[in-house]
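Undergrad: what shape does this take:
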Amino acid sequence: MRQVILIVVAMALASCMQVSDLTAQAEYHLRDVGLLNHSETKRSNNVRLQADSFIYISQDQFIPLGYPPAYSNVVAQETFNAFIEYFPRLSRAPEPLSYEQALQAARQAGAHYLLYMRFAQGNDRIGNWEEYKARQETGARLGVDRGAIHLMLVELGNGYLVDTVNIRNRGGFLTFHNNKPEDLIRPPLRQYARRLLGLSL
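TA: Have a look, this model is predicted:
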C-alpha cells in the first residue's frame, strides 16, 4: 500500500512540472552529489550590466597553485568564449597583464568595464590510461579535477570595483575522463555572464 501511495504522489508531482524542469532538477542533483561537473560561484554584489556594455577581459600573470602547466591565458580565452554569446562588445588581452597594464589597455580600447581574473588554483588528477602510465611514479592520483578562479569587475569611468567573484570548480565522476582543470572554466563563466544580464540560469 505504501508503494502505491508513493507512486501516486510521484506521478502527481511529475504532472505539475514540465519535462525541462524535471531535467534541470535531475542535472542539479547529479552535479550536487558529484557525478557531473559542479561549480560554486560567490559574488560580492548582485550587479547588472547593459547588453551593449564594452568589456575588456584580461588575466593576470599568476601561476595557479598546484597546476603550473596551465596555459598562461586560458581563463581569459574561456571567459571570452563564454561572454561572446551575451555581450557582443568584447575585447581580450592577447597575453597576461598586470592589473595596472590591464587598466591601461582597457582604457585605451575605450571599454566601459575591465573583467580582470586570476587562475588561483588547479588540481589535475589522472583522467585516462595514458596519464596513469606517465604519472603513476609521481604520486598523482586518479580522480576528479578541481580549480579556483577569482574575478574582479571594474568600472573604468571611475575605477569603482563593481563586483568580485570566487568560482570553485569540481569535476564529476562520470565526466572526469580526459578532463583537465581548464575544461571546467567555461560553464560557470557562462552562468556569470547570464547573471550580469539578469537572465535566468
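Undergrad: how deep is the nearest residue to A51 once chain neighbours are set aside tucked in, by neighbour count?
TA: Once flanking residues are discounted, A51 sits nearest to L197: 6.1 Å by Cβ to Cβ, 6 or more residues apart in numbering. Bear in mind the C-beta positions are built from the backbone N, C-alpha and C, glycine included. Using other Cβ atoms under 10 Å, L197 is surrounded by 13 other residues.
Undergrad: same check, this time on S200
TA: That count, for S200 with other Cβ under 10 Å as the rule, works out to 5.
Undergrad: secondary structure class for it?
TA: Under the three-state scheme (DSSP: H, G, I helix; E, B strand; the rest coil), S200 adopts coil.
Undergrad: from F83, how far off is the closest residue to it other than its chain neighbours?
TA: Nearest residue to S200, sequence neighbours excluded (Cβ to Cβ, 6+ apart): R194, at 7.6 Å. Distance from R194 to F83, counting by Cβ to Cβ, to the nearest Å: 10 Å.
Undergrad: over to the nearest residue to L161 once chain neighbours are set aside: give its phi and psi.
TA: Nearest residue to L161, sequence neighbours excluded (Cβ to Cβ, 6+ apart): V154, at 5.7 Å. Backbone torsions of V154, given as degrees, to the nearest 10, read phi -120, psi 130.
Undergrad: can I assume V165 sits in a strand?
TA: Yes - looking at V165 with three-state DSSP, it is inside a strand.
Undergrad: the residue nearest to A51 touches V47, doesn't it?
TA: No - counting by Cβ atoms under 8 Å, V47 is not a contact partner of L197; they are 10.9 Å apart.
Undergrad: break the protein into its domains for me.
TA: The chain breaks down by automatic domain parsing into domains covering 1-33, 38-196.
Undergrad: any idea which of those scores lowest on pLDDT?
TA: Note on those: lowest mean pLDDT is at domain 1-33, with a mean of 50.
Undergrad: please identify the buried residues of the helix or strand containing A82?
TA: Using DSSP states H and E, A82 falls within helix 74-83. For helix 74-83, burial by neighbour count (16 or more other Cβ atoms under 10 Å) applies to V74, V75, A76, Q77, E78, T79, F80, A82, F83.
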